[in-house]
Every structure is written in structure tokens, then in C-alpha cells.
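Chemist: sharing a sequence plus its predicted fold:
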Amino acid sequence: MNDKALIIGVSGIVGSNLAEELVNQGWETHGLARNPHVGIAGVIPVEANLSDFSQLQLALADLTPTHVFFTSWMRGNSEEENIQLNRGFVRDVLAILSPKKSVKHVALVTGLKHYLGPFDAYAKSGTLPLTPVKEEHPRLDLPNFYYAQEDEVYAAAARDGFTWSIHRPHTIVGQAKGTNLMNIGTTLAVYASLCKAEGKPMIWPGSEAQWKGLSDVTDAKILAKQLVWAAQEKQAANQAFNVVNGDVFRWNHLWFELAHWFGVEAQGFQGEIQPLEKQLEGKEASWEQLSLDSGLKIKTLHQITSPWHTDLDLSRPLEVVTDMSKSRRLGFNAYQCTRDSFYALFQQLREEKSIP
């Protein structure tokens, strides 16, 4: 195989799982991050700060990738800043590679904020879409860094002649080798571990709509498989694809199953949202003590959890399910049981001493 992959954000939940999939399929795989040494055999590390153009130029000077996978993002203090940061590194990477004429395909990972709105207007009245969300839904009339990133890909594709694919996962479940900006699975695992240590129940943190409604999620390994599939399938060229596991569930059932895995009691919706960020307030010392007692490798709570993002997902005022029939019709048939996604992650976290 002559294909050479460059993963932008190899240390994250999407990038690291994609790296494993590409290596397993025999690709030459280069992984770029501030700390690209993720411990995946076969991945060639590329060290650079995405916000530093000079570093990117130096890091990419000798690379001639055929496929570029954007799996990273940076969070600013506002959506306007998010747009500048995140469109910037997409533009810069593609501009640096442009003179080499090596790139055949670019894949960009975004998500359901394409349909639900950016962080500061997420799932608010007036922006709520019809569900299940479909790829042909129009853009919202709101600033959104996902749209800006897409536009940079479209412009570079018109200039350089490569094909592209956009991938919109729902909430992603899986292990990150490094950065952990948005990780519901690990966050819930840490929360459950603290509940068990303190002899308290897992209290549902979200809304009644999310508690009772249908939902779906995206296993990081399923997303990785779709990324590789779209990079090779001619019919998938120049299209956007939703991607989820393929099953649906209700949190008012799954929540009790997750609690049972940890051996703790669970409490469902009790009339009001009880944010996880608030529930974990002041738990830093408890987690540090639990980490010391159990010999865990991460002793600082905020380094392993992202309750703010879990709260965004679980407090939405509407049922959210995702239509991915578009890629199914073109032959992408990977499937994953959501309960097993969580269980496999929990077991992995336990084996690597991230949770007790």
C-alpha cells in the first residue's frame, strides 16, 4: 500500500483510535500532536503545536501524505475565538501541504453541534432541529467553528483537487491516549468510582427529555472504521456522513446498567437537572486519595474528566437520535452495541489503572 496517512490530533480520543485502525490495516501512519508519543506501535510521531505556523511548517517539511485526517480541535473563550483557532489550523496544514501535490483525500471530524448549535447556544430554543438529524439539514444561522472548518476544506479541495469527507459523530465513547477534552465514558467511570468509594448513588445529572427519550452514541472505533472506509470508497467522495453505533437506547435503562457494572446504586431523574460539574465540585481531594489508595496513574481530577461536556449532552431539552442511513446505503455496515462500548472502555480503564 502506498497510502500515507497524517492524523491531526493523534493523542485524542478520535485520533488515537483512528491510528490503531490505520496501522492494523497496513497504512503508513503519521500522528501529529503536541505530544504525539501515544504508545501505538507503528505510528510515526510528528510533534507540533497546531496554533504555531512555524512549528507546523517545520514538522511537515518532509511529509507527503496522501490522506489527511483532522480529528483535533481547540477551545477558545468564545465561538468567535473557536472559529479563528479551528479554521486556522485546518487552513494552515492544507496550505503547507499544498505545494507538494501529494494529498488525495481529506477527512474532517466535527459532530452534532452542526445541527444543535455551538457551545454558547447549544440546543437552545429556536435552534432545535427535527430528529433524527440528517446530513441534508441546513446550517443554523449561528457562528459555528464546524462550518468554518468545513469551508476551509472545501476551499482547499477546489484549489488542490483532492476529495473530502465530513464525519459527524454523536457523543463519542472510547479511550483517549492523551488529551481528554470531551470524554463521557471516562467522566462517568470516574464519577461512578467516586460514588462507590463514598457509598453514594450515581445521580442522573441530566434533563427529563434525555432521561426518557431515545438516544445513540458513537464508539470511537466505529468512527475510525468509517473514516478509513470513506477515504477509500469512491462513492463516499465529497460527502458528509453521520456516524453512530447503529443501536438506540434510553438513559433510564442504560444508567442503571452502568451503575451495576461498578456495583453502585443509581438514582434517576428527580424533577430537576443536577449537573455533574456541580456534583464533582470539591471532589479533588477525594479523587487524589482514591488514586493513592488504588495506585492509579492520574491523581488530578480535572485531567481525567470533562463534566462540562457531559452535562451539555445529558441536559439537552430534546430527544436526539441520528440518521446514518446515508453511509449504510453506500455499504458502511459496521455496528457496535452501546452497552458493550461502555463496558469495554470501563474494563480498559481499570486494566490500565485509570480507575480502581
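Modeler: Received, thanks.

Chemist: which residues sit in contact with S165?
Modeler: For S165, the contacting residues are 105-108, 227, 230-231, 236-241, by CB atoms under 8 Å, 6 or more residues apart in numbering. Placement of C-beta: from N, CA and C, glycine included.

Chemist: run the last query once more with 6 Å
Modeler: Contact analysis of S165 by CB atoms under 6 Å, 6 or more residues apart in numbering lists A107, A230, A236.

Chemist: OK, contacts around the second one?
Modeler: Read it as A230. S165, A236 are the contacts of A230 under CB under 6 Å, 6+ apart.

Chemist: model confidence score at it, please.
Modeler: pLDDT for A230: 98.

Chemist: now do the buried residues in the strand or helix carrying it.
Modeler: In the assignment (DSSP states H and E), A230 maps to helix 220-232. By neighbour count on 16 or more other CB atoms under 10 Å, the buried set for helix 220-232 is A220, K221, I222, L223, A224, K225, Q226, L227, V228, W229, A230, A231.

Chemist: ok, so of those residues, who is nearest L112?
Modeler: L223 (12.6 Å; CB to CB).

Chemist: tell me the pLDDT of the closest one.
Modeler: Looking at L223, the pLDDT reads 98.

Chemist: could the buried residues of helix 220-232 go into JSON lines alongside distance to I355?
Modeler: Formatted as JSON lines, the buried residues of helix 220-232 follow (distance: CB to CB, whole Å):
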{"residue": "A220", "distance to I355": "18"}
{"residue": "K221", "distance to I355": "20"}
{"residue": "I222", "distance to I355": "23"}
{"residue": "L223", "distance to I355": "23"}
{"residue": "A224", "distance to I355": "23"}
{"residue": "K225", "distance to I355": "26"}
{"residue": "Q226", "distance to I355": "28"}
{"residue": "L227", "distance to I355": "28"}
{"residue": "V228", "distance to I355": "30"}
{"residue": "W229", "distance to I355": "32"}
{"residue": "A230", "distance to I355": "33"}
{"residue": "A231", "distance to I355": "34"}
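
Chemist: which of these sits closest to N82?
Modeler: L223 (21.1 Å).

Chemist: tell me which strands and helices the helix or strand where S193 lies is in contact with?
Modeler: Assigned by DSSP H and E, S193 falls within helix 184-198. Where contact means 3 or more CB pairs under 6 Å, 6 or more residues apart in numbering; DSSP states H and E, helix 184-198 is packed against helix 307-314, helix 338-351.

Chemist: single out the most deeply packed of those helices.
Modeler: Mean neighbour count, computed with mean count of other CB atoms under 10 Å, is highest for helix 307-314 among the helices and strands packed on helix 184-198, reaching a mean of 21.

Chemist: can you list contacts of that one?
Modeler: Y122, T171, M182, I184, T187, P205, G206, Q210, P275, L276, E277, L280.

Chemist: how about the contacts made by the third one?
Modeler: Shown here is M182, whose contacts under the criterion CB under 6 Å, 6+ apart are S306, H309.

Chemist: so where's the stretch 101-250 of the chain uncertain?
Modeler: 123, 125-127, 178-181 (pLDDT under 70).

Chemist: please, where are all the helices along it?
Modeler: 113-116, 145-160, 184-198, 208-212, 220-232 (DSSP state H, counting those that start in this stretch).

Chemist: distance to T322 for the ones you listed - can I get that in a markdown table?
Modeler: Shown next, in a markdown table, are these (distance: least, CB to CB, whole Å):
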| stretch | distance to T322 |
| --- | --- |
| helix 113-116 | 9 |
| helix 145-160 | 15 |
| helix 184-198 | 15 |
| helix 208-212 | 14 |
| helix 220-232 | 12 |
